[in-house]
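[1] Show me how the following folds:
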Amino acid sequence: MALGRKIAVWTTRAWLSSLRWENRLRLPQGPSIYCVWHRDVPAAGAFLGSMEVTSLVSRSKDGHFLVEVLSGRKMRFARGSDSAGAVGGAKALVDVLRSGGSVATTWDGPRGPEGVAKPGPAWLARRCGAKLVRLEFRYGRHLRLGDWSRMRIPLPFSRISVVAS
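    Residues are numbered from 1 along each chain as shown. Just a heads-up that it's a prediction; the model follows:
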């Protein structure tokens, strides 16, 4: 890994570890599917990274960077997306759920539209008999990007509340 990339990974890890969490949740036992909106991926990665959960991450450059940042924690990764490796990614998640594990994915997929749920997580829950857990993040200080998802970037040392439904 190039020095610039190592610095970016280290800086991002430090930033994510600075976030302050309120209302730590009691999450359900047994196979669960944790769903977040794409706009909340940075906070979700920080929140779920210390849990034994397998996350579906795209094969894009952004997905590769996310895996680098969150590697070394308890979270594992299944690579795939709507456009590349969808069958392999879905099969990996089914295998995890059937073996009693939990998974994480986005409601609105890798390309949106923003805030419009795709059928994959509900299908996966029905197919595997897993609990579908919606995680919502409420931010203190943050930036909002101009991409399709309107991604939220919490500022260092921000407070974030997590609500599950």
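
[2] Which elements pack onto the helix or strand bottoming out on mean pLDDT in the chain?
    Here the helix or strand of the chain ranked lowest by mean pLDDT, DSSP states H and E is helix 86-98, holding a mean of 83. Helix 86-98 makes packing contacts with strand 53-57, strand 76-79, strand 102-106, helix 120-128 when contacts are defined by 3 or more Cβ pairs under 8 Å, 6 or more residues apart in numbering; DSSP states H and E. Any C-beta I mention is one placed from the backbone N, CA and C, and that applies to glycine too.

[3] Kindly recompute the last result at 6 Å.
    strand 76-79, helix 120-128 (3 or more Cβ pairs under 6 Å, 6 or more residues apart in numbering; DSSP states H and E).

[4] List the buried residues of that helix.
    Buried residues in helix 86-98, counted by 16 or more other Cβ atoms under 10 Å: 89-90, 92-94, 96-97.

[5] With just CA atoms, put it into PDB.
    Taking Å, rounded to 0.1, in the frame of the first residue of the first chain, the C-alpha atoms of helix 86-98 are listed here in PDB:
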ATOM      1  CA  ALA A  86     -24.500  -9.600  -6.800                       C
ATOM      2  CA  VAL A  87     -25.100 -13.400  -6.800                       C
ATOM      3  CA  GLY A  88     -21.900 -14.100  -4.900                       C
ATOM      4  CA  GLY A  89     -22.500 -11.400  -2.400                       C
ATOM      5  CA  ALA A  90     -26.100 -12.500  -1.700                       C
ATOM      6  CA  LYS A  91     -25.000 -16.100  -1.400                       C
ATOM      7  CA  ALA A  92     -22.300 -15.200   1.100                       C
ATOM      8  CA  LEU A  93     -25.000 -13.300   3.200                       C
ATOM      9  CA  VAL A  94     -27.400 -16.200   3.100                       C
ATOM     10  CA  ASP A  95     -24.600 -18.500   4.300                       C
ATOM     11  CA  VAL A  96     -23.800 -16.200   7.200                       C
ATOM     12  CA  LEU A  97     -27.400 -15.900   8.300                       C
ATOM     13  CA  ARG A  98     -28.000 -19.700   8.000                       C
END
